[in-house]
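K.L.:
For reference, the sequence and a predicted model appear below.
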Amino acid sequence: MAVTEPAPVAPPAAHEGILRRQALRESAARTYARSLPIVPVRARGMTIEGADGRRYLDCLSGAGTLALGHNHPVVLEAIRKVIDSGAPLHVLDLATPVKDAFTTELFATLPRQFADNARIQFCGPAGTDAVEAAFKLVRAATGRSELLAFTGAYHGMTAGALAASGGAPDVSVTRLPFPQNYRCPFGAGGERGADLAARWTESLLDDPKGGVPAPAGMILEPVQGEGGVNPAPDGWLRRMREITTARSIPLIADEVQTGVGRTGTFWAVEHSGIVPDVMVLSKAIGGSLPLAVIVYRSELDVWQPGAHAGTFRGNQLAMAAGAATLAHVRENGLAERAATLGARMLARLQSLGADHPSIGDVRGRGLMIGIELVDPEAAPLALAAENGSPPPPDPALAAAVQQECLHRGLIVELGGRHDAVVRLLPPLTLTDEQATAVVDRLADALRAAERSPYRRAAAGPTR
């Protein structure tokens, strides 16, 4: 598939009116629309066409929802088949052939040791509802209420999910250090930093004066996405599994964004080989339509009927689209493809650092990539410079890069603690040519943003 260059910008037209009315009518809580002022009217694969005639390579992919990109033929065919069959589209949690096919395909992709003794709960259509369901499940199973979560985490926008996410105040969640190589909370990084994080967790749980009651569960992301694309070290994940198993603490893996081949294995926990007690799944499992589930060890299935419910937990179109997506990723080796292509993109992006001191770190796994931008001339935020503490993040530069990317027909998102991480989440159907175009456009955008005298005026969060 050829990469189409951005079409010339059309004169002011209807799309400007749509954007103006959106700003007048929609809430101040809107996010992506603020930094991406486009009006999509057509999309195919990785390409979006706006109402103004411009075309963009989409490296946001619905925040990781579009594993196969926009309007993939196998997804459209699966949806049409259900619609044309006359099957009911809304059935609450009743059994249907569509649901049975989805569940069968999903379980076929899960780690065998996990799937052979698992149950599934269909939740409301968003991942945040599945997170809430996971919390309710482990609390019911253990009789305990406290939770363990990690700094930098993001688990959703409902009350319980927010409480377990980074930055939540005054909640009954114990916050544990998430190991980072670039900004290690212990100033060590690497295996030493991960070991210290694990030792801190173990010590806190075993300290009778540590102030941490026996928890109902621990929730973690195998790769923190919104937190800045921070992959959890495999050894550290195995330590978390050992620590939780030894203390009868259910381990919840939040695979909402990392699942369905995104990180180079079908599920990100497979990198470390751990088997969690609960997996939270959403986004790509619905094949671009809303769907969220939890899958968990059958021993935890102590719920009473109706303990967790939702009117829209029987989305037949999403299940059909999801089954088609899961099968296509599995049958075509797209997870392995993501690993290969992602490694190639990471290497190219890392090589840019030699000419761009503003690139503090390039990290990720598979096609989940983050570029942390820094101000190399500023003093480090903490620790002495001689101890190797990195420069402070530069959110203004990141915002400028995002806008320069948009001007060049490339859609990217920002994340991290200070919105200084440029995030790439391209579809798994990304071609070699498109991957090259993404890096080329990003590199050109970075050069332009670094030269811009106005970039510091853009300082501040964009989301």
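P.N.:
Nice, thanks for sending it over.
K.L.:
tell me, what residue is most central in the protein?
P.N.:
Geometric centre of the chain, nearest residue: Q257, 3.2 Å, by CA atoms, centre = their mean.
K.L.:
and that residue, that's in a helix?
P.N.:
No: the assignment for Q257, made by DSSP: H, G, I helix; E, B strand; the rest coil, is coil rather than a helix.
K.L.:
List the contacts of it.
P.N.:
Listed by CB atoms under 8 Å, 6 or more residues apart in numbering, the contact partners of Q257 are A63, G64, E221, V223, G225, K283, M368, L425. Heads up, the C-betas are built off the backbone N, CA and C, glycines and all.
K.L.:
P390 too?
P.N.:
Y182, R183, G360, D361, V374, P380 are the contacts of P390 under CB under 8 Å, 6+ apart.
K.L.:
and if we set it to 6 Å?
P.N.:
Counting by CB atoms under 6 Å, 6 or more residues apart in numbering, P390 touches G360.
K.L.:
Ok, the one 4 residues further on next?
P.N.:
By CB under 6 Å, 6+ apart, the residues touching D394 are L373, V374, D375, A420.
K.L.:
Likewise for A198?
P.N.:
Listed by CB under 6 Å, 6+ apart, the contact set of A198 reads W236, R239.
K.L.:
What separation do you get for it and A435?
P.N.:
35 Å (CB to CB, to the nearest Å).
K.L.:
One more: A400?
P.N.:
A400 is 23 Å from A435, by CB to CB.
K.L.:
Who has more neighbours out of these two?
P.N.:
A400 (25 against 21; other CB atoms under 10 Å).
K.L.:
need the strands for the stretch 201-350 of the chain, in chain order.
P.N.:
Taking DSSP state E, counting those that start in this stretch as the test, the strands found in the stretch 201-350 of the chain are 217-220, 223-224, 230-231, 251-254, 278-281, 293-297.
K.L.:
Report all helices and strands that the first one contacts.
P.N.:
Pointing back at strand 217-220 there. Judged by 3 or more CB pairs under 6 Å, 6 or more residues apart in numbering; DSSP states H and E, strand 217-220 is in contact with strand 147-150, strand 251-254.
K.L.:
CSV for those, including mean neighbour count, distance to A339 and mean pLDDT?
P.N.:
Shown next, in CSV, are the helices and strands packed on strand 217-220 (neighbours: other CB atoms under 10 Å; distance: least, CB to CB, whole Å; pLDDT from 0 to 100):
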stretch, mean neighbour count, distance to A339, mean pLDDT
strand 147-150, 25, 25, 93
strand 251-254, 28, 19, 98
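K.L.:
Mind checking those for the one nearest to L446?
P.N.:
L446 sits nearest to strand 147-150 of all the helices and strands packed on strand 217-220, at 29.9 Å, using CB to CB.
K.L.:
Now tell me what touches that closest one from outside.
P.N.:
A164, V173, T174, L176, F178, P215, G217, M218, I219, L220.
K.L.:
Isn't the fifth one up against G152?
P.N.:
Just to be clear, that refers to F178. Yes: using CB atoms under 6 Å, F178 is in contact with G152, at 5.2 Å.
K.L.:
Those two - which one has more neighbours?
P.N.:
Applying other CB under 10 Å to F178 and G152 shows that G152 carries more neighbours, namely 24 against 21.
K.L.:
which stretches of this structure form helices?
P.N.:
Remark: helices assigned in the chain by DSSP state H are 14-25, 32-35, 61-64, 73-85, 97-109, 112-115, 127-142, 159-163, 190-206, 234-246, 316-331, 334-352, 395-407, 432-451.
K.L.:
Format those helices as TSV; extra columns: distance to V269.
P.N.:
Compiled in TSV, these are given as follows (distance: least, CB to CB, whole Å):
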stretch	distance to V269
helix 14-25	39
helix 32-35	28
helix 61-64	16
helix 73-85	25
helix 97-109	12
helix 112-115	9
helix 127-142	14
helix 159-163	20
helix 190-206	16
helix 234-246	7
helix 316-331	16
helix 334-352	13
helix 395-407	29
helix 432-451	26
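K.L.:
Could you export those to JSON lines, including columns for mean pLDDT and distance to E299?
P.N.:
Shown next, in JSON lines, are the helices of the chain (pLDDT from 0 to 100; distance: least, CB to CB, whole Å):
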{"stretch": "helix 14-25", "mean pLDDT": "86", "distance to E299": "48"}
{"stretch": "helix 32-35", "mean pLDDT": "86", "distance to E299": "40"}
{"stretch": "helix 61-64", "mean pLDDT": "94", "distance to E299": "30"}
{"stretch": "helix 73-85", "mean pLDDT": "97", "distance to E299": "34"}
{"stretch": "helix 97-109", "mean pLDDT": "97", "distance to E299": "17"}
{"stretch": "helix 112-115", "mean pLDDT": "95", "distance to E299": "12"}
{"stretch": "helix 127-142", "mean pLDDT": "94", "distance to E299": "8"}
{"stretch": "helix 159-163", "mean pLDDT": "67", "distance to E299": "23"}
{"stretch": "helix 190-206", "mean pLDDT": "91", "distance to E299": "21"}
{"stretch": "helix 234-246", "mean pLDDT": "97", "distance to E299": "13"}
{"stretch": "helix 316-331", "mean pLDDT": "98", "distance to E299": "26"}
{"stretch": "helix 334-352", "mean pLDDT": "97", "distance to E299": "29"}
{"stretch": "helix 395-407", "mean pLDDT": "96", "distance to E299": "45"}
{"stretch": "helix 432-451", "mean pLDDT": "96", "distance to E299": "43"}
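K.L.:
do you know which of those helices lies nearest A307?
P.N.:
helix 127-142 (6.7 Å).
K.L.:
got a list of contacts for that closest one?
P.N.:
Counting by CB under 6 Å, 6+ apart, 121, 123, 145, 155-158, 160-161, 216-217, 250, 252, 256, 278, 280, 282, 292, 294, 300, 302-303, 308 sit against helix 127-142.
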